[in-house]
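**Student:** here is my input, please return the structure:
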Amino acid sequence: MTAIRASVSDIVNGKFGEDSGPYVISPYGVELRRIALVGYITDQRSGQGSQGKYAYITIDDGSGAIKAWAWDIHVESLEKIEKNILALIIGKLKSFKDDVYVAPEIIRKLDDPNFMTFHMMERYRTLLTMAGSADFDFTPPSEDILQETLENASKTKVSVQPTGKLGKLIYDYIQENLGPDGIKIDEIVAHFLPMGYQKTAVNLEVLDLQEQGLLQEIKVGHYTLGDG
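**Tutor:** Residues are numbered from 1 along each chain as shown. Alright, predicted model coming up:
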């Protein structure tokens, strides 16, 4: 089951159901069963209850907070999690006494805070696509792609030239204005805003070019041409 990128608010403000297994319909109409969240671990606790040994962590991404629970043999994985770190959590949604929680499968500490921005932009793209309002094709990232992103694996090269009008305009602009330290994403956005393009659209196209191997980030917020 593909992990759908989501924000906490997509889950806590959604409608829970259990047809063919537990799920949440987000306020935007996206069905969430197995999700990927990025947020800060604000709390971590464990203990012994009537149901046996338990542990939970609280994830806060700025849009809301949700708990990830584990019991019995799975408790150890949550007991090792530090508080006040940024983390990627992949897991399935479940409910207990009307409270929706995450049953975690993968938890990874993230050292780069920019991954939060990347995650939310990809979540926005997924939301648009799955809500039926996007004009491009996009498959939500699989667990393998998330793994590759975290480990800085080689980028997927799908073409040798940008696809789409905006992508080509951005690529040409970077090519013509490239300096020794690359070019700042803020400069790219500022150039295209007066042309009627939204900041989000420009950022998404930059991510697409990066995924294609046509751009690479040489330091935070600075891009240069790739070898795609």
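**Student:** show me what contacts residue 193?
**Tutor:** When contacts are counted by Cβ atoms under 8 Å, 6 or more residues apart in numbering, residue 193 is found next to 199, 202. (C-beta placed from N, C-alpha, C; glycine too.)
**Student:** report the helix or strand with the lowest average pLDDT across this protein.
**Tutor:** helix 143-150 (a mean of 50; mean pLDDT, DSSP states H and E).
**Student:** immediately after that one, which helix or strand?
**Tutor:** Toward the C-terminal end, the helix or strand that comes next after helix 143-150 (DSSP states H and E) is helix 165-177.
**Student:** helices or strands next to that following helix in the packing?
**Tutor:** Under the contact criterion of 3 or more Cβ pairs under 8 Å, 6 or more residues apart in numbering; DSSP states H and E, helix 165-177 touches helix 185-192, helix 199-211, strand 222-225.
**Student:** lowest average pLDDT across these?
**Tutor:** Summarising mean pLDDT across these, the least confident stretch is helix 199-211, with a mean of 79.
**Student:** neighbours of the closest residue to residue 123 other than its chain neighbours, just the number please.
**Tutor:** Using Cβ to Cβ, 6 or more residues apart in numbering and skipping residues adjacent in sequence, the residue nearest residue 123 is residue 5, 4.1 Å away. Residues lying near residue 5 (other Cβ atoms under 10 Å) number 25.
**Student:** do the same with residue 36
**Tutor:** Neighbourhood size, residue 36 [other Cβ under 10 Å]: 23.
**Student:** equivalent analysis for residue 76, please.
**Tutor:** Neighbours of residue 76 under the rule other Cβ under 10 Å: 12.
**Student:** look up how far residue 54 lies from it.
**Tutor:** 12 Å (Cβ to Cβ, to the nearest Å).
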